[in-house]
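[1] Predicted model and sequence below, questions to follow.
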Amino acid sequence: MVDHVATRALETLRDLLIGEAKFLSGVSGQIGEVGNQLTVIHQFLRDADKRQDDSERVRGVVRDLRNLAIRAEYVLEKYAIKVRSKREGENLKEVLKRFICILCECCSLHEIGKETERIRSRMAELAKEIKSSSQGESSLSSEADTNWARRTYGHEIEEHFVGMEDEIKLLESLIKSDDRSNRVISICGMGGLGKTTLATKIYNGKAAESCFEARAWICVSQPFHPKVVFKALLKKLLPHESDEEDENEMVRKLYNVQKNKKCLVVLDDIWEANHWDILRHAFPIAKGHSKVLLTTRYRNIAATEYVHELRYLSDDEGWKLLQKIALSANYSRELTTNEIKQLEEVGRKIIRECGHLPLPIYVIGGILKQESCSRGWEKVYKNIEDEEIDADRLYLLWMAEGMVSDEDRATGETLRDVAERYLCELANRYMVQVKKDRLSIYNKFSYCKLHDLMRDLCLSKGKDEEFLEVVDGHMRTDDASTICRPSRLAIHLDKVEDDYVGRNRNLQSLLFLRVGWGTRDWNNLVSINFRMLKFLKTLILEGYDFENKQFPEQIKELILLKHFSIEDSKIKELPPSVCNLPRLQSLNLFGCKHLRLPNTIYKLRCLRHLLLPDEHSVIGGGKLKFKGLNELETIIRFNCSTSDATHLLELPKLRRLEAIRCDEESLVLIVDHILTHQDQFHETRLKTEKGTNLERHSSTLFKKILRINSLSSLGIFGRVVKLPVNEIELWQSLVTLMLEGCYIEEDPMEILEKLPMLQNLRLFGDAYVGREMVCGATGFSQLRVLIFMNLPNLVEWRMEKGAMRKLYYLSIYNCRKLVTIPEGLKFITTLKQLVIARMPEEFKKRVDGEEGKDYHKIKHIPFIGFSED
């Protein structure tokens with residue numbers, strides 16, 4: 001984390017010295033010295049991170065160096081903005097201003113020169129401190145002591161152990177086997193899943209004791225020092241050789257002892273693939289009969305050997321473990337059957353919130369020991385934090401922070417693609433949990449989650465490094481003076497002390513995140529002087545009520561701002577000044593209903609990602625202009641009724657497009673453009689304007705739409721009458737389909753059930769006007785959501801066994817002539833929710849309760865709801 005700060009400063013320095021050299025004649029010499037000092041900082045911070053040195057003396061130096069690096073970065077960026085902004089846009093008015101600007105630039109050079117000299121002087125002082133501290137701490141850099149970050153020992157056995165019996169049998173059979181393909185066995189899984197516990201069971205088991213002549217347990221962990229690992233192994237396997245200091249000799253002796261004797265070595269908690277690549281030279285994998293057992297969070301550590309991916313606990317196993325920890329045998333005997341049932345109901349909910357992971361269940365169980373009733377357990381359950389994080393939103397924050405490196409970008413990749421790779425890497429290391437995005441052909445993930453334990457670790461580390469601070473209900477804001485001065489601040493409260501934000505003038509990120517579903521009082525922002533927060537790069541004002549109130553105009557002065565979001569806020573007009581932010585890369589206006597937008601968005605030349613609200617209009621009328629936004633990659637909810645579709649043809653980097661309310665003219669324009677630039681677009685979502693008549697084009701337009709390779713979502717709200725029958729191969733990428741007012745006369749299911757990726761099907765008012773629908777035995781193989789609404793002529797719906805085998809949600813709304821539900825529903829074991837609304841009484845009687853004639857078809861569904869809304 002500290003290394004990242006110095007790296008960012010060096011990158012900024014490099015960009016300025018190369019890209020802006022012609023403007024730096026007054027200070028380039030001094031800045032060159034700053035660059036040299038930053039290199040020293042960079043190396044020192046990297047060494048400190050590797051050693052995980054926590055001594056107060058070193059931490060103090062690290063803190064000073066980090067703050068100095070940030071100051072250097074601010075100086076350089078401030079200078080770039082001041083000078084470069086004055087020299088852009090050389091129209092007549094700007095040329096006349098240049099005579100005044102020359103004097104201003106001289107003042108800027110003088111100010112920055114003085115600040116650079118102060119930084120250089122302080123760096124020289126700190127360099128002496130580093131040198132003196134390094135002499136006293138030299139042993140830390142030469143060889144790490146054995147105080148590792150997370151030490152474990154082979155003799156430690158979990159007091160409470162549940163499940164994994166099958167895993168133990170399998171792994172014991174593998175370590176006893178002479179099969180050469182199983183000489184190295186990896187146990188992988190995310191933190192808290194029980195890798196070390198399982199390895200301990202194997203290590204101390206009878207099979208290991210009887211099969212091996214010698215055993216050794218080593219915790220590798222972080223920081224990684226191979227010599228320390230080799231020495232510890234030598235001490236276990238060859239105690240009389242433990243004084244050896246030569247690393248090559250250690251490797252040779254370890255190799256030979258494992259070749260000549262049958263040994264079992266456990267390497268617990270390996271973090272990097274290259275760590276194993278270094279260590280493996282000490283193991284005779286192709287010779288002898290010794291075995292190596294690894295535990296790791298990263299599934300690719302030893303991918304060429306045998307990899308055992310640890311499973312999660314089942315509900316029953318989780319409840320069994322929670323009982324062992326939270327309920328003593330004596331206390332359980334005192335409880336009535338009803339009390340135990342109440343505790344079990346809450347307990348199983350807690351297990352699901354813990355992600356079926358043994359370690360958090362163990363931790364929560366310790367807390368529940370103090371609670372004697374279901375009410376206390378319920379209180380603990382409600383306080384478990386496990387928030388879903390929108391993946392796309394996370395990518396935007398990473399990019400605004402500069403955490404996504406241009407240098408990591410492969411040919412044809414965007415920075416957003418790189419960010420997605422970063423998240424994939426975290427998931428591979430089991431540091432986050434991810435959920436695949438089923439409704440997108442472009443996004444790998446819809447959201448991710450941090451487990452409580454990982455979140456607490458990140459927040460603790462972030463606070464120690466003054467990297468971030470979270471202000472929520474667990475921290476009183478009157479304690480603000482006692483906390484660190486972070487560069488990133490996330491606020492989860494409706495009300496914060498007036499001066500709390502103002503005391504952190506070096507903030508780079510300020511996030512006001514929603515609490516509940518209501519809107520926040522605008523008065524909470526009145527006291528914030530945004531002019532003083534001039535280094536902000538990320539600003540999120542989520543869920544605020546700006547209606548009939550003055551929008552914070554000082555935001556226009558945040559010249560470094562890259563990400564700005566007012567998602568789900570009440571606001572009538574977006575101030576035109578927002579469109580003057582010179583570095584803004586992402587603008588999120590999602591959920592701002594009936595927002596009026598200035599027709600100056602085209603001025604945001606650095607804009608890459610634009611999320612518009614569903615309903616918006618243009619101040620002064622006309623249509624939004626996008627021409628000139630050459631960096632724009634994403635437009636969500638591009639409204640063809642309020643935006644000029646011809647401008648889409650002039651956005652060379654556009655990758656993701658969601659266009660809504662497309663009339664026939666706009667639709668033809670957009671579809672033809674995408675078809676001639678298929679390789680440019682990664683994902684396309686289209687919705688037509690209500691009443692759009694595709695039938696006029698003799699279905700040629702519909703066929704063209706289906707030829708879009710990137711088409712993942714399609715909404716047709718107009719006359720079609722007949723679906724293209726012979727073009728089924730064109731529908732390969734479609735995930736979501738909505739039809740309304742199409743007046744299709746022939747059963748559409750015969751065509752739609754063959755779509756290989758269709759997961760969400762919604763047939764709304766008069767989409768189909770026939771009487772019968774039939775779903776074949778192998779149809780709709782991926783469908784998860786099905787909604788019928790306002791189909792006035794539908795009488796009979798038949799479904800063969802095997803259809804819709806992944807269906808999760810079914811809704812039938814106002815289909816007044818439908819007699820009953822199909823028999824085939826009883827075979828769909830994945831169906832969890834059935835909603836029946838505004839249906840005749842006779843239909844509801846057939847499925848409502850055990851007395852209903854058709855109840856046997858749906859009795860397996862956990863939730864069945866009836867509604868008249």
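    That came through, no problem. Residues are numbered from 1 along each chain as shown.

[2] any idea which helix or strand comes after the host helix or strand of residue 366?
    Element membership for residue 366 (DSSP states H and E) is helix 358-368. Going down the chain from helix 358-368, the next helix or strand is helix 374-382, by DSSP H and E.

[3] what angle separates that next one from helix 358-368?
    Compare the direction of helix 374-382 with that of helix 358-368 by axes from the mean of the first three to the mean of the last three Cα atoms, to 10 degrees and you get 140 degrees.

[4] Run through the neighbouring helices and strands of helix 374-382.
    Packing contacts for helix 374-382, counted by 3 or more Cβ pairs under 8 Å, 6 or more residues apart in numbering; DSSP states H and E, involve helix 337-353, helix 358-368. C-beta coordinates here come from the backbone N, C-alpha and C atoms, glycine included.

[5] Mean neighbour count, the ones you listed: which tops it?
    helix 358-368 (a mean of 21; mean count of other Cβ atoms under 10 Å).

[6] now it, how far from the chain's geometric center?
    Relative to the mean C-alpha coordinate of its chain, helix 358-368 is positioned 26 Å out (Cα atoms, centre = their mean, to the nearest Å).

[7] hmm, back to that, what packs against the helix holding residue 366?
    helix 315-326, helix 337-353, helix 374-382, helix 452-464.

[8] is it true that residue 322 touches residue 361?
    Yes. Taking Cβ atoms under 8 Å as the definition, residue 322 is a contact partner of residue 361 at 5.5 Å.

[9] Generate TSV for the helices and strands packed on helix 358-368, with distance to residue 591 as supplementary columns.
    Below are the helices and strands packed on helix 358-368 laid out as TSV (distance: least, Cβ to Cβ, whole Å):
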stretch	distance to residue 591
helix 315-326	36
helix 337-353	27
helix 374-382	26
helix 452-464	25
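
[10] Residue 248: which of those is closest?
    Across these, residue 248 has its closest neighbour in helix 452-464 (36.0 Å, Cβ to Cβ).

[11] could you check the angle helix 337-353 makes with that closest one?
    50 degrees.

[12] Mind giving me the packing neighbours of helix 452-464?
    With contacts taken as 3+ Cβ pairs under 8 Å, 6+ apart, helix 452-464 sits against helix 358-368, strand 469-471.

[13] Repeat the analysis, applying 7 Å as the threshold.
    Packed against helix 452-464, as judged by 3 or more Cβ pairs under 7 Å, 6 or more residues apart in numbering; DSSP states H and E, are the following elements: helix 358-368.

[14] what about the helix it packs on, average pLDDT?
    Summarised as a single mean, pLDDT over helix 358-368 is 74.

[15] Stretch 224-244 now?
    For stretch 224-244, the mean pLDDT works out to 85.

[16] So what touches that stretch?
    Residues outside stretch 224-244 that contact it (Cβ atoms under 7 Å, 6 or more residues apart in numbering) are 143-144, 146, 214, 216, 218, 220, 247, 250-251, 253-254, 257, 263, 265, 272, 275, 278-279, 282.

[17] Give the helix, strand or coil label for residue 865.
    State at residue 865, reduced to three classes by DSSP: H, G, I helix; E, B strand; the rest coil: strand.

[18] Oh, that last question was meant for residue 229, not what I typed.
    Per three-state DSSP, residue 229 ends up helix.

[19] go on, residue 786?
    Recorded secondary structure, residue 786: strand (three-state DSSP).

[20] Okay, and the beta partners of it?
    Beta bridges link residue 786 to residue 761, residue 810 when assigned by DSSP bridges.

[21] Can you report how many residues neighbour it?
    20 (other Cβ atoms under 10 Å).

[22] go on, residue 810?
    22.

[23] returning to that earlier point: which one, of the helices and strands packed on helix 358-368, ends up nearest to residue 666?
    helix 452-464 (44.8 Å).

[24] Name the residues of the closest one that come out as buried.
    By 16 or more other Cβ atoms under 10 Å, the buried positions in helix 452-464 come out as 452, 454, 458-459, 462.

[25] tell me the mean pLDDT over that helix?
    75.

[26] Could you do stretch 571-583 as well?
    Stretch 571-583 comes out at a mean pLDDT of 92.

[27] Any buried residues in it, and which?
    Residues of stretch 571-583 classed as buried by neighbour count (16+ other Cβ under 10 Å): 571, 574-575, 578-579, 581-583.

[28] tell me how far the ends of that stretch are from each other?
    23 Å (Cα to Cα, to the nearest Å).

[29] and that stretch, how far from the chain's centre?
    Computed by Cα atoms, centre = their mean, the chain-centroid distance of stretch 571-583 equals 28 Å.

[30] Excluding its own residues, what touches that stretch? List them.
    By Cβ under 7 Å, 6+ apart, the list of residues contacting stretch 571-583 from outside reads 85, 546-547, 551, 553, 555-556, 558-562, 589, 592, 595-598, 600-601, 603-604, 606, 619.

[31] circling back to that earlier point, for residue 322 and residue 361, list the residues in contact with both.
    Counting by Cβ under 7 Å, 6+ apart, the contacts common to residue 322 and residue 361 are residue 351.
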